[in-house]
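K.L.:
build me a structure from this.
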Amino acid sequence: MKKIINTENAPAPIGPYNQAVLAGGTLYISGQIAMDPKTGQLHVEDIKEETHRVMKHLGSILEAAEMDYSNIVKCSIFISDMGQFANINEVYGAYFKADPPARETVQVSCLPKNVNVEISAIAVK
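P.N.:
Residues are numbered from 1 along each chain as shown. All right, here's what the predicted structure looks like:
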């Protein structure tokens, strides 16, 4: 059985998908970008602020599923410039106080709406 998770505190999907799906105690969170959920405006001027916004969106979705960052077991980070890895990593790491999740970071040629970073996650209850 699966349950669809959506919240107004994260950007609405821009395609045929949901923010997250809870299946068998595992939450699969779609990739999040730094889009303001109220206005649709992108915030991509500063990579650290962009990454904070992405992480906050993940947090809002986790909260809607009655979870938090400590429930995350795996993240996938997609970035447009590996030269920004240290800045992204600094912000990302601040959201995990202990036992950070498994993850990969991959440079890609283009991300949705030409953002600089997109992060997806898998969490368990």
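K.L.:
A10 versus C110, what's the distance?
P.N.:
22 Å (CB to CB, to the nearest Å). Glycine gets a C-beta too; all of them are placed from N, C-alpha and C.
K.L.:
quick one: which of those two has more around it?
P.N.:
A10 (27 against 9; other CB atoms under 10 Å).
K.L.:
tell me, what's the model's pLDDT at that one?
P.N.:
Per-residue pLDDT puts A10 at 98.
K.L.:
I'd like to know how far the spatially closest residue to it that is not a sequence neighbour sits from M1.
P.N.:
Excluding the flanking residues, the one nearest A10 by CB to CB, 6 or more residues apart in numbering is H57, at 4.1 Å. Relative to M1, H57 is positioned 25 Å away (criterion: CB to CB).
K.L.:
neighbour-wise, which of these two wins?
P.N.:
Ranked by neighbour count (other CB under 10 Å), H57 and M1 place H57 first, with 25 against 5.
K.L.:
what segments of the chain are helices?
P.N.:
Counting by DSSP state H, the segments of the chain that form helices are 47-64, 85-94.
K.L.:
CA atoms of the first one as PDB?
P.N.:
Right, helix 47-64. Extracted in PDB, the C-alpha atoms of helix 47-64 (Å, rounded to 0.1, in the frame of the first residue of the first chain):
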ATOM      1  CA  ILE A  47      24.700  28.300  -3.900                       C
ATOM      2  CA  LYS A  48      24.600  28.100  -0.100                       C
ATOM      3  CA  GLU A  49      21.200  29.800   0.100                       C
ATOM      4  CA  GLU A  50      19.900  27.600  -2.800                       C
ATOM      5  CA  THR A  51      21.100  24.500  -0.900                       C
ATOM      6  CA  HIS A  52      19.400  25.600   2.300                       C
ATOM      7  CA  ARG A  53      16.100  26.100   0.500                       C
ATOM      8  CA  VAL A  54      16.400  22.600  -1.000                       C
ATOM      9  CA  MET A  55      17.100  21.100   2.400                       C
ATOM     10  CA  LYS A  56      14.200  23.000   3.900                       C
ATOM     11  CA  HIS A  57      11.900  21.600   1.300                       C
ATOM     12  CA  LEU A  58      13.000  18.100   2.100                       C
ATOM     13  CA  GLY A  59      12.400  18.900   5.800                       C
ATOM     14  CA  SER A  60       8.800  20.100   5.000                       C
ATOM     15  CA  ILE A  61       8.100  16.900   3.200                       C
ATOM     16  CA  LEU A  62       9.600  14.800   5.900                       C
ATOM     17  CA  GLU A  63       7.400  16.700   8.500                       C
ATOM     18  CA  ALA A  64       4.300  16.000   6.400                       C
END
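K.L.:
many thanks, we can stop here.
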